[in-house]
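Below: sequence and its predicted model.
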Amino acid sequence: MTTHTHMRRVRPRSAPLQRAGSLLAASAFLLTACNSAQEEPSAKPPTSPATAAPTKTAPPATPADPVEAAKKEAIATYLSHWKEVEKRYADEAGKAGDLKKYAAAAALAQVETGAADMRKKNAIVLGTVTVDNPVATSADLNRKIPHVILSSCLDISRWTVTDLDTKKPASLPKNRLVRYVIKATVEKWPEGWRVIRDEPQGKKC
């Protein structure tokens, strides 16, 4: 009697690594990395998360120098003042120009009186005045009314006295100064900066 021995063929199970290999076959680099990780465990300690670099904060802005700011404001006021002076002297009615926005006290009276005298002589003044190189020579902000002293070279060579009847330039002395040093005092009033004195120094520039 022959004894038949039936041996059941056992299909070897696929190892987890083989399944991973088939899934990652598209990338040889990744497959190699998986095999190496299983065969030779890394002895390196786990990497700690990277620490973010500290954020640099911008240095605080340096506050503007109040003296320098006052000088710039005073110069701007003085330049604007002379633009209004031009308008007043060129107006036959003697009303143009917003003088009180930039001048007060003696400087305001000086312009109003000068323009009125021109009209009495049947004349106006046309053209432009150039304020060359205005410089703040001093500033005192600790006074009850802060002020700045300015020095400039006033050029009136293109500011022409014109006869209202003939519309022609009036005769003026040939030796008159048309470029001269002028000193101005500009004060800070509650309404803003105002030119209060504007004094020709009688010196050529």
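Yes, it's here. These numbers were taken from a predicted model, which means no experiment stands behind them.

could you point out the longest helix in the protein?
Counting residues, the longest helix found in the chain (DSSP state H) is helix 66-90.

Does anything pack onto that one? Which helices or strands?
helix 105-120, strand 123-127, strand 130-140, strand 147-155, strand 179-189, strand 192-204 (3 or more Cβ pairs under 8 Å, 6 or more residues apart in numbering; DSSP states H and E). Using the backbone N, CA and C atoms, a C-beta is placed for each residue, glycine as well.

list the buried ones in that helix?
Buried residues in helix 66-90, counted by 16 or more other Cβ atoms under 10 Å: 70-71, 73-75, 77-78, 80-82, 84-86, 88-90.

what angle sits between it and strand 179-189?
Helix 66-90 runs at 120 degrees relative to strand 179-189, counting by axes from the mean of the first three to the mean of the last three Cα atoms, to 10 degrees.

Show me what helix 66-90 is in contact with.
Outside helix 66-90, the residues that touch it by Cβ atoms under 8 Å, 6 or more residues apart in numbering are 94-99, 101-103, 107, 111-112, 114-115, 118, 124-129, 131, 134, 136, 139, 141, 146, 148, 150, 152, 159, 184, 186, 188, 192-195, 198.

how does it look with 6 Å?
Outside helix 66-90, the residues within contact range by Cβ atoms under 6 Å, 6 or more residues apart in numbering are 96-99, 102-103, 111, 115, 124-126, 129, 131, 134, 136, 139, 141, 148, 150, 184, 186, 193, 195.

follow-up on the earlier one: mind checking which of the helices and strands packed on helix 66-90 is nearest Asp65?
strand 130-140 (10.4 Å; Cβ to Cβ).
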